[in-house]
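1. pasting a predicted model and its sequence here:
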Amino acid sequence: MVDLYSNVRKIQTLANAWRIVKASAMQSSSVDIRNEASEFDAESHRYLRSIQTRLQKQTFKFKPQMGIAKLRAGKSPRPLVIAPIENRIVQRAILDILQRDVPGIQAVLDTPTSFGGIKKRRVSMAIDALKSSFNEGGQFYLRSDIPNFFTLVNRNAIMDYMRAQTNDEKFINLFEMSITTTLDNLTDLQRKNLKDLFPLGPEGVAQGSPLSPLIANIYMSDFDREMNLNDLVCIRYIDDFVIVSRTEKATCKGFKVAKAILNKIGLSAYSPVTHPKKASQGEVIKGFEFLGCFINPTLTLPAMSARKSLAEKVDAEIRRGLAIADTILDTNEFGSAGCYAQTLSRINNIILGWGKAFSFCNGNQVFEALDVKLTQKLEYFHCEIQKRINRGDQRTKRMIMGVKMLEGLNDNNKDAGE
C-alpha cells in the first residue's frame, strides 16, 4: 500500500502545494494575506524545509486559525476560517496526495454529476450537464441548497471513510488534525455572540480550507449515486443541487428522496414552498437561477443578483476613491489605498474577474447593457474626481490622481545640499 504520509512530506509535494497556495494568496483582497505570502516567499525554501523536517519527526502542529464572520445583506454571516500559510500548505499537500494516490478518493472525484471543488471541473460544466438533461427530455426541475452544510458535516463519518481507504496511521492522524478547527480569536467571537457559527465541536469543517470541498464531496457521494437513478438527474455543486425529470410528479418525488438521504447524514434542504428565495421549482423552459446564472434550454445569462453584485462592488470602489480624494483635500496626505489611478485599477480587476467568471454565457445583450451602465459610473467618477483636482495645488492634484511626484524621490539632491 502507498505510504501516504511519506508522500505528503516530500519536498516536491510541499513545493507544489506552496505554489498553489501562493497563487491563491496573492489574489486575495486581504493585504495581510498577500503580505504574509510575500514574506513566506522570500525564504520559501527554508520554510518548506522546516515544514518537511517537522513532518519527518512527527512534530508538525497546525497553528490556530482566525475566524471571520463575513456579513451578507439579508443573510446570516458566513463563517470563514483563515489559516496560517503553513497550515494551508500541508492541507494542500494532503489534498494532492489523496487525489493522486487513493483510488476511493479518485472514484468520488470521478462522479459525473458532481462539479464543485473538483480539478478541471467548472460552473460552466455543471450548467452544460443540466442542459444535456433538458435535451434528453427533462422538462421539470427543482433547485435547492443545503443550509449550514459545512458546519454540519460529521467529521467522525469522514474519518471512518478515510480509515477504510488506508491503514497509514500517521497519515490518518495528520488528516484528522488538518480538519480540526482551533480559533485564535475565540474570545472575541464569543464576546460578539459569533462563536456558534464555527465548527468547533465534533461536527463541521472550516470554510476556507483546501480540504473542505473534498470533504463535502466524500460526504455527499451516496447522495450523488442514489439521486441519479430511475430516470432522475441530480446535478450538484457542493451544497447546491438541481433535480431534473420528465414530469413534475417525478421531480417532487425525487426531492422527497433527497430529503430522506440528507436526513440520514444530519442535513436538510430548503423547500421551494417554505423558502422561495432559497429554492425553486417549475418548467425548465421558463428558466431558473443556478450558480449565479439564469438558465433555460437555450439561454445562459448572468443572474440579476450577479449583475447587481457587480454594480454594487463598482459603486463601493467609487465611493472609496472619492472619500480618499476628500481626505487628501482636507489633510494634504496621501493614503496607502491610493486614489484615482488605483481605484480604476481595482475596478478594472473587479470587472475583469466578473467577466471571466461569466464568459461562458451567451447573452451578449446583457453584457452590452452592463457595459453602458459601467461606463456611466466611470464617467461620474471621473467628473467628481476632476472637481476635486481643480480645488488643489500641484501636489494635491497628483495625490488625487494617484501619480507620484518626482520631487522628494531624488536622493542626490539631498546629498548635494548637505
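-> Perfect, thanks for sending it.

2. wait, isn't residue 166 in contact with residue 172?
-> Yes. Counting by C-beta atoms under 8 Å, residue 166 does reach residue 172; the two are 6.9 Å apart. Heads up, the C-betas are built off the backbone N, CA and C, glycines and all.

3. settle it for me: which of these two has more neighbours?
-> Counted by other C-beta atoms under 10 Å, residue 166 and residue 172 do not tie: residue 166 has more neighbours, with 20 against 17.

4. nearest residue to that one other than its sequence neighbours?
-> Excluding the flanking residues, the one nearest residue 166 by C-beta to C-beta, 6 or more residues apart in numbering is residue 4, at 5.8 Å.

5. list the contacts for that neighbour?
-> Contact partners of residue 4, counting by C-beta atoms under 8 Å, 6 or more residues apart in numbering, are 97, 98, 101, 102, 166, 168, 171.

6. again with residue 171
-> Going by C-beta under 8 Å, 6+ apart, residue 171 touches 4, 5, 8, 94.

7. same check on residue 213?
-> The contact partners of residue 213, taken as C-beta under 8 Å, 6+ apart, are 116, 117, 118, 238.

8. pull the number of nearby residues for the second one.
-> In other words, residue 117. Close neighbours of residue 117, defined as other C-beta under 10 Å, add up to 18.

9. surely it meets residue 236?
-> No. Using C-beta under 8 Å as the test, residue 117 is too far from residue 236 to be in contact (10.8 Å).

10. can you show me the helices along the stretch 1-150 of the chain?
-> Assigned by DSSP state H, counting those that start in this stretch, the stretch 1-150 of the chain shows helices spanning 4-8, 11-26, 31-42, 44-56, 85-101, 103-109, 123-135, 149-152.

11. which helices and strands sit right next to the fifth one?
-> When contacts are defined as 3 or more C-beta pairs under 8 Å, 6 or more residues apart in numbering; DSSP states H and E, helix 85-101 sits against helix 4-8, helix 11-26, helix 31-42, helix 44-56, helix 103-109, helix 169-178, helix 212-219.

12. can you tell me which residue sits nearest the middle of the chain?
-> With distances taken as C-alpha atoms, centre = their mean, the residue of the chain nearest its centroid is residue 208 (7.2 Å).

13. ramachandran coordinates for that residue?
-> Per-residue torsions, residue 208: phi 120, psi -20 (degrees, to the nearest 10).

14. ok, now which ones touch it?
-> Going by C-beta under 8 Å, 6+ apart, residue 208 touches 80, 81, 82, 83.

15. so which of the residues you listed sit within strands?
-> 80, 81, 82 (DSSP state E).

16. between the residues you listed, which sits nearest residue 354?
-> Closest to residue 354 out of these is residue 80 (20.6 Å), distances taken as C-beta to C-beta.

17. give me the beta-bridge partners of the closest one?
-> residue 68, residue 207 (DSSP bridges).

18. pLDDT weak spots in the stretch 51-200 of the chain?
-> 73-74 (pLDDT under 70).

19. change it to 80
-> The model of the stretch 51-200 of the chain has pLDDT under 80 over residues 71-76.

20. out of the helices of the stretch 1-150 of the chain, nearest to residue 339?
-> In terms of C-beta to C-beta, the element of the helices of the stretch 1-150 of the chain nearest to residue 339 is helix 31-42, at 16.7 Å.

21. the inter-axis angle of the closest one versus helix 11-26?
-> With axes from the mean of the first three to the mean of the last three C-alpha atoms, to 10 degrees defining the directions, helix 31-42 sits at 150 degrees from helix 11-26.

22. residue 209 against residue 79, yeah?
-> No. With contacts counted by C-beta under 8 Å, residue 209 stays clear of residue 79, the gap being 11.9 Å.

23. re earlier: return the member of the ones in strands among the contacts of residue 208 nearest to residue 231.
-> The closest of the ones in strands among the contacts of residue 208 to residue 231 turns out to be residue 80 (C-beta to C-beta; 39.1 Å).

24. number of nearby residues for that closest one?
-> Per other C-beta under 10 Å, the neighbour tally for residue 80 reads 16.

25. from memory it sits against residue 199, does it?
-> No. Residue 80 lies out of contact with residue 199 (C-beta under 8 Å); the separation is 11.5 Å.

26. tell me, how many neighbours does residue 187 end up with?
-> Neighbour count for residue 187, taken as other C-beta under 10 Å: 10.

27. do residue 193 as well
-> The number of residues packed near residue 193 is 9, by other C-beta under 10 Å.

28. ok, now how distant is it from residue 77?
-> For residue 193, the distance to residue 77 equals 11 Å [C-beta to C-beta, to the nearest Å].
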